[in-house]
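Chemist: no FASTA, just this:
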């Protein structure tokens with residue numbers, strides 16, 4: 001698998017559902033983005049590390065980092081390796097005493113650890129083809145791939161804010177996070193125009 005590096009581009013609150021956030025991963029050598037819908041605790045875990053906040057007691061991901069450091073386990077990288085029924089799957093690639101281990105992880109937890117360990121985040125062309133989007137205004141930039149990344153469907157762009165909000169709630173309840181992220185982005189664009 002050819003690995004393509006990603007970085008966290010944004011962490012945003014859902015405008016229609018107060019219980020969800022989206023972390024947006026950006027292709028380092030391209031223009032595609034992957035929006036991943038996550039819950040409040042997961043968003044807080046990522047935000048705390050991104051903002052270099054030091055809680056008085058270690059949070060769960062800080063505890064994991066402390067344990068790894070104490071036992072000399074190194075987190076080498078995070079790999080988002082699959083997308084099944086709209087749910088991203090990830091692996092933590094760790095090294096201990098010269099041996100490399102792959103540990104299955106929720107993507108939100110993997111990202112929270114990647115920020116803490118300052119390790120790279122990777123995915124495959126397969127994931128970017130299926131879940132990658134190009135934001136409006138970046139379409140003219142070319143992506144070196146055989147398949148073209150998806151833009152938000154044009155039917156989404158022509159809908160009213162209320163209808164988009166209803167469809168977003170439906171997409172989240174069905175765990176269709178790819179559609180939910182595109183709907184959320186379109187809602188935010190419409191709100192900025194007001």
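Modeler: Arrived safely, thanks for sending. None of these values were measured; they are calculated from a predicted model. Numbers count the residues shown, from 1 in each chain.
Chemist: nearest spatial neighbour of residue 67, skipping sequence neighbours?
Modeler: Closest residue to residue 67 apart from its sequence neighbours, by Cβ to Cβ, 6 or more residues apart in numbering: residue 73 at 7.7 Å. The way it works is simple: take the backbone N, C-alpha and C, and place the C-beta from them, glycine included.
Chemist: State the distance from that neighbour to residue 79.
Modeler: 17 Å (Cβ to Cβ, to the nearest Å).
Chemist: Dihedrals phi and psi, the residue nearest to residue 67?
Modeler: The phi/psi pair for residue 73 (degrees, to the nearest 10) reads phi -90, psi 130.
Chemist: ok, now which ones touch it?
Modeler: 67, 94, 95, 96 (Cβ atoms under 8 Å, 6 or more residues apart in numbering).
Chemist: Those in strands, which ones?
Modeler: 94, 95, 96 (DSSP state E).
Chemist: Go through these and give me the one with the most neighbours.
Modeler: residue 94 (19 neighbours; other Cβ atoms under 10 Å).
Chemist: Mind telling me what element the closest residue to that one other than its chain neighbours is part of?
Modeler: In this structure, residue 94 finds its nearest non-sequential neighbour in residue 101, 4.8 Å apart by Cβ to Cβ, 6+ apart. For residue 101, the element it lies in under DSSP states H and E is strand 99-106.
Chemist: Can you name the residues in contact with the very next helix or strand once past that strand?
Modeler: Heading C-terminal from strand 99-106, the first helix or strand you meet, by DSSP H and E, is helix 107-117. If you take Cβ under 8 Å, 6+ apart as the criterion, helix 107-117 is touched by 8, 23, 25, 36, 38-39, 42-43, 45-46, 49-50, 61-62, 64-65, 68, 74-75, 77-78, 80, 88-92, 105, 119-121.
Chemist: Quick check, pLDDT for residue 135.
Modeler: pLDDT, residue 135: 75.
Chemist: Any figure for the gap between it and residue 115?
Modeler: 22 Å.
Chemist: Comparing these two, which residue is more hemmed in?
Modeler: residue 115 (21 against 16).
Chemist: From residue 41, how far out is the more buried one?
Modeler: For residue 115, the distance to residue 41 - Cβ to Cβ - is 15 Å.
Chemist: What of residue 166?
Modeler: 26 Å.
Chemist: ok, now residue 191?
Modeler: In terms of Cβ to Cβ, residue 191 sits 26 Å off from residue 41.
Chemist: Which residue lies closest in space to the most far-flung residue of the chain relative to its centre, excluding its sequence neighbours?
Modeler: Computed with Cα atoms, centre = their mean, the residue of the chain farthest from its C-alpha average is residue 97, at 30.4 Å. In space, and not counting its chain neighbours, residue 97 is closest to residue 72: 7.7 Å by Cβ to Cβ, 6+ apart.
Chemist: Before I go, just wanted to say thanks for your time.
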